[in-house]
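Trainee: sequence first, predicted model second:
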Amino acid sequence: MSKASTSSTKKKATRTKKAKPKAEAATERTPRTDSKQAKLIEMLKRPEGATIAEVIKALQWQAHTVRGAIAGALKKKLGLKVESEKVDAERGRVYRITE
């Protein structure tokens with residue numbers, strides 16, 4: 001019998017590669033100027049603000065997408081302060097980005 005067939009087979013330990021350090025990421029996120037998100041921000045920065053219905057019409061989004069973008073992208077990721085208030089019965093709830 002050969003020595004190879006009688007010896008127990010041991011698996012060779014494999015090395016794991018260490019992650020390369022990433023370049024220092026910018027702490028402030030800014031959207032592209034030609035994106036729908038940038039258009040949403042522009043609409044909300046106006047003094048009169050924007051309603052969900054106005055954003056739906058302008059961006060061709062569904063209502064849940066508008067609300068999700070305001071809560072997730074603008075408030076959480078970009079850290080913008082978005083306020084809403086009920087102005088009148090005709091227009092409904094208006095959203096604005098405040099400084």
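Mentor: Thanks, I have it. Residues are numbered from 1 along each chain as shown.

Trainee: now the spatially most central residue of the chain: phi and psi?
Mentor: Centroid check for the chain by C-alpha atoms, centre = their mean gives Ala73 as the closest residue, at 3.9 Å. Per-residue torsions, Ala73: phi -70, psi -50 (degrees, to the nearest 10).

Trainee: ok, the spatially closest residue to it that is not a sequence neighbour to Lys12 distance?
Mentor: Distances taken as C-beta to C-beta, 6 or more residues apart in numbering place Gln37 nearest to Ala73, at 6.0 Å, with adjacent residues excluded. Every C-beta, even on glycine, is put in place using the N, C-alpha and C of the backbone. Remark: distance between Gln37 and Lys12 (C-beta to C-beta, to the nearest Å) = 50 Å.

Trainee: of the two, who's got more company?
Mentor: Using other C-beta atoms under 10 Å, the more surrounded residue of Gln37 and Lys12 is Gln37, with 15 against 4.

Trainee: in terms of contact, does the more buried one touch Ala69 like I think?
Mentor: Yes - judged on C-beta atoms under 8 Å, Gln37 makes contact with Ala69 at a distance of 6.6 Å.

Trainee: got the contact list for stretch 83-94?
Mentor: By C-beta atoms under 8 Å, 6 or more residues apart in numbering, the residues outside stretch 83-94 that reach it are 48-53, 95-98.
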